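> Got a predicted structure here, sequence first:
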Amino acid sequence: MKNIPLTKLQKEIMEEFYNYSPLKVIYNKRERNKLWRLTTARQDINLEEIRKNCPALAHQIEKSYESGHNIQSAVFSECVYAQTFANMFNLKVFTNCLENHSFIPDNVLSLLKSYSLYPRYAYSNNDKSRMLIQAGGCNGIDSALITVFDLNIYTIEFKEPGAKTSEPDLPKYKEDGNLLITDEFLERYPQFKEMLEEQKGLNFFSKMGSNVNNFTVESVNLAVTNNYTKKYADVVCTEDVDGYLVMIPVNQISLWAKIVGEIRPAGRNRYDVWTPKALKKFIEEKGGIIKDNIVSINKNNLTLRKQRGGNRKVSGYKINPLFFVYLNYCTYNGDIVSFELNKVQQLNPTIAAKMFFKTLKYNDVRDYYIKLF
């Protein structure tokens, strides 16, 4: 493997991390998956036991139950990794910053804000001289380890063994369905420039049934590395094949992980239809009729759409992978389903770089970096 030098901050935090005894994460992937399934199905779980082991996770589950919104499985991992990290660094005092706004000193809050970090939970030693801040915010990283008296800060991203660095919406294409690359998007997400350059000419209407993965290793590596450079992360923490927490420099992820690029023609986020001509064409190809803005179509020509999460209830009908309508907007006459044309939703394409730590072992990583300290 190529010897890439560590920055001063990377060297300091990694040397301290690997001088501690290795710790297994509080709940391993199998245990987290079980908890996630129970949570999304709204089944009874032992919340007090979770609160004792990982209070941030218990709070996230409580919020989910109160709001009715499911938690992303990655949030389970983030809470578990942060608590494991805090245990390793002997930061035993937990504080819910969403409820206790005064726990973090003003100068630390100002520093966090400059990194686009908004505190959710804090883990500190008894005299509050050192804190691990678990943060929120789409433009920031997951957490920061701060020495309060001199505001020394190390920024940390928590990632599952198989994870995406980020997955922004791509610019909305036009009626022709061709990939659109805008200066505004590249200004916000410069890490994806090379990946997008490789996909010029991509047509989402032709590719809407499958994801695009034919990227060079070089372009995906730039997307992974520059993603964390832009977000000011120093290191990434994940778990190895045996469940131990591991720390890796952000600019050396490709030494330890298989990295893959992906464009999803049908991403997570839905919007009002922005290509109405294309939608009408797809409806007519399915045998549908549009009259006075009302669509009538045989439901057997549509595909059922299921909710994300544990219950997987049917939520609507897919006209194709890019367009769908919710069930509550539909009426029926035998096999004919009808709905207003303006109730149809369109899914926006996304781009992502993914990393897979399939064979990662704590001892291999520690032994490789211990020589550089």
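Everything's here; your move.

> C-alpha from now on. contacts and neighbour counts both.
OK.

> Next, find the distance separating the nearest residue to residue 160 once chain neighbours are set aside from residue 145.
Sequence neighbours aside, residue 238 is the residue nearest to residue 160 in space, at 5.6 Å (criterion: C-alpha to C-alpha, 6 or more residues apart in numbering). For residue 238, the distance to residue 145 (C-alpha to C-alpha, to the nearest Å) stands at 16 Å.

> And for residue 119?
Taken as C-alpha to C-alpha, the span from residue 119 to residue 145 is 12 Å.

> Residues that sit against both of the two, list them.
Common contacts of residue 119 and residue 145, defined by C-alpha atoms under 8 Å, 6 or more residues apart in numbering, comprise residue 133.

> Flag every buried residue along the helix or strand of the chain at the bottom of the mean pLDDT ranking.
One helix or strand of the chain scores below all others by mean pLDDT, DSSP states H and E: helix 217-230, with a mean of 78. Using 16 or more other C-alpha atoms under 10 Å as the test for burial, helix 217-230 gives 219-228.

> what do you get for stretch 306-326?
309, 315-326.

> For residue 37, grab the count of nearby residues.
Using other C-alpha atoms under 10 Å, residue 37 has 15 neighbouring residues.

> Next: residue 53.
Using other C-alpha under 10 Å, residue 53 has 16 neighbouring residues.

> swap in residue 32?
Look at residue 32: counted by other C-alpha under 10 Å, it has 17 neighbours.

> C-terminal to the helix or strand harbouring it, which secondary structure element comes first?
Using DSSP states H and E, residue 32 falls within helix 29-40. Sequence-wise, the next helix or strand downstream of helix 29-40 (DSSP H and E) is helix 47-53.

> List of residues touching that following helix?
Helix 47-53 is contacted by residues 26, 57-59 when judged by C-alpha under 8 Å, 6+ apart.

> same deal with stretch 278-285?
Residues from elsewhere that reach stretch 278-285, judged by C-alpha under 8 Å, 6+ apart: 175-176, 273, 289-290, 297, 319-320, 323.

> any chance of those in CSV, plus distance to residue 252?
Formatted as CSV, those follow (distance: C-alpha to C-alpha, whole Å):
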residue, distance to residue 252
175, 41
176, 39
273, 41
289, 55
290, 54
297, 53
319, 43
320, 40
323, 39
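
> Max pairwise distance over these: which two?
Maximum pairwise distance among the contacts of stretch 278-285 (C-alpha to C-alpha): 24.1 Å, between 176 and 297.

> Domain map for the chain?
By the assignment in automatic domain parsing, the chain contains the domains 8-160+238-249+363-370, 270-347.

> Using TSV, lay out those domains together with distance to residue 205 and mean pLDDT.
Shown next, in TSV, are these (distance: least, C-alpha to C-alpha, whole Å; pLDDT from 0 to 100):
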stretch	distance to residue 205	mean pLDDT
domain 8-160+238-249+363-370	29	91
domain 270-347	8	93
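
> Just put those domains in CSV and tack on distance to residue 354.
Below are the domains of the chain laid out as CSV (distance: least, C-alpha to C-alpha, whole Å):
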stretch, distance to residue 354
domain 8-160+238-249+363-370, 10
domain 270-347, 20
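
> ok now do the closest residue to residue 211 other than its chain neighbours, which residues does it touch?
Spatially, and ignoring its direct neighbours in sequence, residue 211 is nearest to residue 264 (4.9 Å; C-alpha to C-alpha, 6+ apart). Neighbour list for residue 264: 210-212, 349-351 [criterion: C-alpha under 8 Å, 6+ apart].

> can you pull out the strands in the stretch 251-373 of the chain?
Counting by DSSP state E, counting those that start in this stretch, one finds strands in the stretch 251-373 of the chain at the ranges 258-264, 270-272, 289-291, 294-298, 303-306, 314-320, 323-326, 331-333, 336-340, 345-347, 350-356.

> Going by distance to residue 125, which of the buried residues of helix 217-230 wins?
For the buried residues of helix 217-230, the nearest to residue 125 is residue 228 (27.6 Å; C-alpha to C-alpha).

> Residue 254 is in contact with residue 4, correct?
No: the pair residue 4 / residue 254 is not scored as a contact, 11.4 Å apart, by C-alpha atoms under 8 Å.

> In three-state terms, label residue 21 for me.
The local conformation at residue 21, judged by DSSP: H, G, I helix; E, B strand; the rest coil, is coil.

> And the strands in the stretch 1-150 of the chain?
Remark: strands assigned in the stretch 1-150 of the chain by DSSP E, counting those that start in this stretch are 93-96, 118-124, 130-136, 143-147.

> Show me what counts as buried in the first one.
When burial is assessed from 16+ other C-alpha under 10 Å, strand 93-96 yields the following buried residues: 94-96.

> Relative to that strand, what are the paired strands and their orientations?
Counting by DSSP bridges, the strands paired with strand 93-96 are strand 118-124 (antiparallel).

> mind exporting the strand it pairs with as CSV, just the C-alpha atoms?
What follows is strand 118-124, C-alpha atoms only, in CSV (Å, rounded to 0.1, in the frame of the first residue of the first chain):
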residue,chain,number,x,y,z
TYR,A,118,-25.0,21.7,15.6
PRO,A,119,-24.7,19.7,18.9
ARG,A,120,-27.2,16.9,19.5
TYR,A,121,-25.3,15.0,22.2
ALA,A,122,-22.2,15.5,24.3
TYR,A,123,-19.9,13.0,26.0
SER,A,124,-17.4,14.6,28.4
